[in-house]
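> Pasting a predicted model and its sequence here:
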Amino acid sequence: MKLFKKTGRSMAVLVMLSVILLGACSEETTPKETTSTGEQLAKIINYELSTRTLTLDEVEWIEESDTDRIKELGLDVEKDLPTGFVIYNETNEESSIKLAEDAEFLLVNQENPSEPRAVDEKEFISYLLAVKGPYYVTVKDEVVVKIEEKYVP
């Protein structure tokens, strides 16, 4: 009986060590190469021409109709949304991301705001000196592939 208890403990220890080792080798803890894709609304804080790097600060567009979000944030519609919307910046955290070589740039068309106008990078950079945003920034495979100015009424 003594031998059985000793062997049982040894087996339990071996099983635990195996679980720990297998867990350490699992896919969840191994860093993966990620390819994030998505669109975010952000203010462009800076654009570093030499490295083609944008510094962004993500923001949120909140309208009067977003009653749940307004309540959640404790906003006062009359005080905080006097124009019917607010560009809300919860964190003021900046992040940097590279710009794709073939990135697309779209600005609000003042003659027809529902149809944005495409511009080249040089014109966009000049425009960016005066208007920091908000812009919809589309990211694919860890680089910005499209920047579109958000229409602000």
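Cool, got the structure. Numbers count the residues shown, from 1 in each chain.

> Let me know the secondary structure of the closest residue to Glu104 other than its chain neighbours.
Nearest residue to Glu104, sequence neighbours excluded (Cβ to Cβ, 6 or more residues apart in numbering): Lys146, at 4.4 Å. Any C-beta I mention is one placed from the backbone N, CA and C, and that applies to glycine too. Secondary structure for Lys146, judged by DSSP: H, G, I helix; E, B strand; the rest coil, is strand.

> For burial, what's the neighbour tally of Lys146?
Under the neighbour criterion other Cβ atoms under 10 Å, Lys146 is assigned a count of 17.

> Look up which residues are beta-bridged to it.
Glu104, Thr138 (DSSP bridges).

> and it, what does it touch?
103-106, 136-138 (Cβ atoms under 8 Å, 6 or more residues apart in numbering).

> now it: how far from Pro116?
11 Å (Cβ to Cβ, to the nearest Å).

> what is in contact with the two at once?
Residues touching both Lys146 and Pro116 (Cβ under 8 Å, 6+ apart): Leu106.
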